[in-house]
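Undergrad: give the three-dimensional model of this entry:
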Amino acid sequence: MALSTKELDFNKNEDQMRLKLSKLEQELAKISLGGGKKRIEKIHEKGKLTARERIDYLLDKGSDKIEIGALAGYDMYEEHGGCPAGGTIVVLGYVHGKQCLVVANDSTVKAGAWFPITGKKNLRAQEIAMENKIPIIYLVDSAGVYLPLQDEIFPDKEHFGRIFRNNAIMSSMGIIQIAAVMGSCVAGGAYLPIMSDESLIVNKTGTIFLAGSYLVKAAIGENIDNETLGGAVTHTEISGVCDYNVENDKECLNTIREIVHKIGKKEEAGFDRIKSTEPKNNIKNVYGLIPFDRSKPYNTKEVINCIVDENSLVEYKSNYGKTLICAYARIDGWSVGIVANQREIVKNSKNEMQFGGVIYSDSADKAARFIMNCNQKNIPLVFLTDVTGFMVGSKSEHGGIIKDGAKMVNAQANSIVPKFTIVMGNSYGAGNYAMCGKAYDPRLIVAWPTAEIAVMSGSAAAKTLLQIEIANLQAKGEQISKEREEELFQHIKGKYDKQISPYYAASRLWVDAIIDPRDTRKVISMGIEMANHKKAEKPYNVGVIQV
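TA: Next comes the predicted model:
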């Protein structure tokens with residue numbers, strides 16, 4: 001029996017998604033090796049565990065976890081030998097059933113030295129801990145700042161020093177910080193474990209000092225070895241800098257587990273949760289529903305039914321502002337408010353056709369009110385993004401699209417309930433802002449392999465830039481043939497297409513991760529559980545909004 005056009009498209013889309021996921025798995029497998037197998041072997045020869053092995057040992061066996069920033073530094077710093085995962089592993093997981101954030105230096109990557117992206121990734125980890133008031137555990141094993149790039153990591157506001165400022169702020173907020181010195185802890189980095197609430201140091205492996213033995217010799221002429229200068233015995237028996245002297249990595253991690261086990265419960269934010277049910281449609285169906293041709297329409301409601309608990313969806317203003325879907329639902333039992341771009345071509349109340357993925361005035365107006373309602377009801381927000389931007393043209397401008405768009409952005413930006421962003425497809429222009437892009441403080445923001453993040457699509461940007469390039473060349477007297485024009489277009493588009501890739505975004509931490517769509521429910525559920533640790537600190541107030 002011949003397949004229908006819809007079934008053929010589904011199969012083609014599924015094949016393309018599986019290819020993208022295969023590439024993602026391959027890249028993550030390479031990144032998981034850090035500085036390579038030889039360096040891992042050297043770590044093991046010293047009786048130490050690698051950063052990833054330490055985290056796996058620390059977390060509850062078989063429990064869910066989310067790695068943050070695995071692709072940080074991807075395709076960056078090639079002239080310096082690369083910096084897989086930004087030289088630091090960050091994982092949200094469970095220790096004795098308690099959600100914690102774990103940050104571990106990967107000493108197989110330049111001895112755990114800090115690149116600029118390392119600093120950015122560590123600050124992101126601390127931001128997550130502060131926003132959600134969850135314990136953070138540092139597994140320290142670092143040679144300090146990577147000196148060839150010190151000007152990009154040391155002196156500015158969001159650089160290395162901000163880490164220690166955050167240590168102090170988190171302590172004042174009552175956020176639990178535990179640090180284990182499991183290798184080198186040098187210079188300014190020495191302040192991190194000591195500014196944490198409790199610190200451990202591994203005997204004969206961990207060392208802490210502002211300056212190592214060679215620098216001490218050069219600076220003041222003193223002859224001393226590193227162990228005597230700043231080893232475990234020194235810092236637990238003489239200086240009192242550390243609280244626990246442990247014999248090896250496993251004893252260290254076991255001790256941390258016991259410390260966390262004894263943490264008492266605190267007040268929660270009160271987000272509603274009931275028993276979870278599976279979605280109406282299998283999440284794997286998403287593979288065939290998302291077109292590999294990003295310009296093609298599809299029905300976003302079919303995707304939503306692969307993510308939310310069955311029979312939990314209640315759509316808000318379903319017949320108004322149809323290019324945005326606003327709905328109450330449950331995800332893994334958690335009550336959520338969903339704002340999603342409808343990618344089908346729809347008709348408005350005046351029977352006029354509206355393009356899918358475009359935000360019109362009525363859609364923005366609806367979404368602004370829905371976001372306000374979710375804040376009123378203490379319901380977390382989930383943004384499912386596949387947006388090409390706001391509608392343009394004289395009709396939209398005269399209708400006040402800028403005013404209505406500003407209303408939506410204002411309502412979203414001032415939200416006091418936690419926000420989670422899933423970039424399913426396009427995230428272009430001001431649509432990125434309205435749909436809670438990175439600049440608008442989502443608690444977690446992740447991308448599917450089909451995501452594209454930029455001011456506009458590669459083709460549209462290339463056409464715009466091509467016009468500018470041709471005008472410049474013609475002004476210099478150059479004649480542009482059709483062949484030359486096509487060559488310029490492909491060159492510009494190729495460069496731009498690389499920048500809109502989800503890998504480009506993930507490498508720079510514009511998104512926290514690229515995920516398999518099947519993990520969407522897990523990310524949102526763990527994210528809301530994380531956010532439930534902290535109540536809103538102020539009432540919801542949107543300030544001045546033009547109506």
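Undergrad: so what's residue 188 scoring on pLDDT?
TA: Among the per-residue scores, residue 188 holds a pLDDT of 67.
Undergrad: swap in residue 399?
TA: We have a pLDDT of 85 for residue 399.
Undergrad: how many residues are close by it?
TA: One way to gauge burial is a neighbour count; for residue 399, by other Cβ atoms under 10 Å, it gives 15. For glycine as for every other residue, the C-beta is placed from the backbone atoms N, C-alpha and C.
Undergrad: from what I can see it touches residue 361, true?
TA: Yes - A contact is recorded between residue 399 and residue 361 when judged using Cβ atoms under 8 Å, the distance being 5.2 Å.
Undergrad: tell me which element residue 329 is part of?
TA: When secondary structure is defined by DSSP states H and E, residue 329 falls within strand 324-331.
Undergrad: helices or strands up against that strand?
TA: Judged by 3 or more Cβ pairs under 8 Å, 6 or more residues apart in numbering; DSSP states H and E, the packing partners of strand 324-331 are helix 300-304, strand 314-316, strand 334-341, helix 361-377, helix 520-531.
Undergrad: show me where the stretch 51-200 of the chain has helices.
TA: Shown for the stretch 51-200 of the chain, the helices assigned by DSSP state H, counting those that start in this stretch span residues 51-58, 116-132, 161-172, 191-194.
Undergrad: got CSV for those helices, with mean neighbour count and distance to residue 528 too?
TA: Putting the helices of the stretch 51-200 of the chain into CSV (neighbours: other Cβ atoms under 10 Å; distance: least, Cβ to Cβ, whole Å) gives the following:
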stretch, mean neighbour count, distance to residue 528
helix 51-58, 21, 23
helix 116-132, 22, 10
helix 161-172, 16, 21
helix 191-194, 21, 29
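Undergrad: closest to residue 420 out of those helices?
TA: Of all the helices of the stretch 51-200 of the chain, it is helix 116-132 that lies closest to residue 420, at 11.7 Å by Cβ to Cβ.
Undergrad: let me see the mean pLDDT of that closest one.
TA: The predicted model gives helix 116-132 an average pLDDT of 97.
Undergrad: low-confidence ranges in the chain?
TA: Confidence mapping of the chain against pLDDT under 70 gives the ranges 1-2, 188, 547.
Undergrad: give me the most central residue, it.
TA: Nearest to the mean C-alpha position of the chain, counting by Cα atoms, centre = their mean, stands residue 512 at 1.4 Å.
Undergrad: and it, how far from residue 406?
TA: 27 Å (Cβ to Cβ, to the nearest Å).
Undergrad: same deal with residue 28?
TA: The spacing between residue 28 and residue 406, counted by Cβ to Cβ, is 39 Å.
Undergrad: would you map the strands across the stretch 51-200 of the chain?
TA: With DSSP state E, counting those that start in this stretch, the ranges of strands along the stretch 51-200 of the chain come out as 66-68, 88-95, 98-105, 136-142, 177-186, 198-202.
Undergrad: distance from the first one to the middle of the chain?
TA: Right, strand 66-68. Average the C-alpha atoms of strand 66-68, do the same for its chain, and the two points are 8 Å apart (Cα atoms, centre = their mean, to the nearest Å).
Undergrad: and it, what does it pack onto?
TA: Short answer (3+ Cβ pairs under 8 Å, 6+ apart): strand 66-68 packs on strand 88-95, helix 116-132, strand 513-514, helix 520-531.
Undergrad: so the last one versus strand 88-95, what angle?
TA: Yep, that's helix 520-531 we're talking about. 80 degrees (axes from the mean of the first three to the mean of the last three Cα atoms, to 10 degrees).
Undergrad: which other residues reach helix 520-531?
TA: Taking Cβ atoms under 8 Å, 6 or more residues apart in numbering as the criterion, the residues outside helix 520-531 that touch it are 64, 66, 92, 99, 128, 131-132, 134, 269, 271, 273, 276, 279, 283, 307, 331-334, 336, 380, 382, 418, 420, 422, 443-444, 446, 448, 513, 515.
Undergrad: just the buried subset of those, written out for PyMOL, thanks.
TA: This is the PyMOL syntax for the buried subset of these, where burial follows 16 or more other Cβ atoms under 10 Å:
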select buried, resi 64+66+92+99+128+131+132+134+269+271+279+283+307+331+332+334+336+380+382+418+420+422+443+444+446+448+513+515
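Undergrad: put together a markdown table for the strands of the stretch 51-200 of the chain, with distance to residue 293 on each row.
TA: Putting the strands of the stretch 51-200 of the chain into a markdown table (distance: least, Cβ to Cβ, whole Å) gives the following:
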| stretch | distance to residue 293 |
| --- | --- |
| strand 66-68 | 30 |
| strand 88-95 | 34 |
| strand 98-105 | 38 |
| strand 136-142 | 42 |
| strand 177-186 | 47 |
| strand 198-202 | 53 |
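Undergrad: tell me which of these sits nearest to residue 59.
TA: Distances from residue 59 to each of these were compared using Cβ to Cβ; the shortest belongs to strand 88-95, at 4.1 Å.
Undergrad: how far off strand 177-186 does that closest one point, in degrees?
TA: Our comparison of strand 88-95 with strand 177-186, counting by the same axes, to 10 degrees, yields an angle of 150 degrees.
Undergrad: assess the claim that residue 131 and residue 537 are in contact.
TA: No - judged on Cβ under 8 Å, residue 131 makes no contact with residue 537 at a distance of 10.7 Å.
Undergrad: on contacts alone, who are the packing partners of the longest helix that the chain contains?
TA: When the chain is parsed with DSSP state H, its longest helix is helix 5-31. Packing contacts for helix 5-31, counted by 3+ Cβ pairs under 8 Å, 6+ apart, involve helix 286-289.
Undergrad: give the helix, strand or coil label for the residue located most distally from the centre of the chain.
TA: In the chain, the greatest distance from the average C-alpha position (Cα atoms, centre = their mean) is reached by residue 477, at 47.6 Å. Reducing the assignment at residue 477 to three states with DSSP: H, G, I helix; E, B strand; the rest coil gives coil.
Undergrad: one step back: out of the strands of the stretch 51-200 of the chain, which gets nearest to residue 455?
TA: In this view, the strands of the stretch 51-200 of the chain are compared for proximity to residue 455 by Cβ to Cβ, and strand 66-68 is the closest at 25.7 Å.
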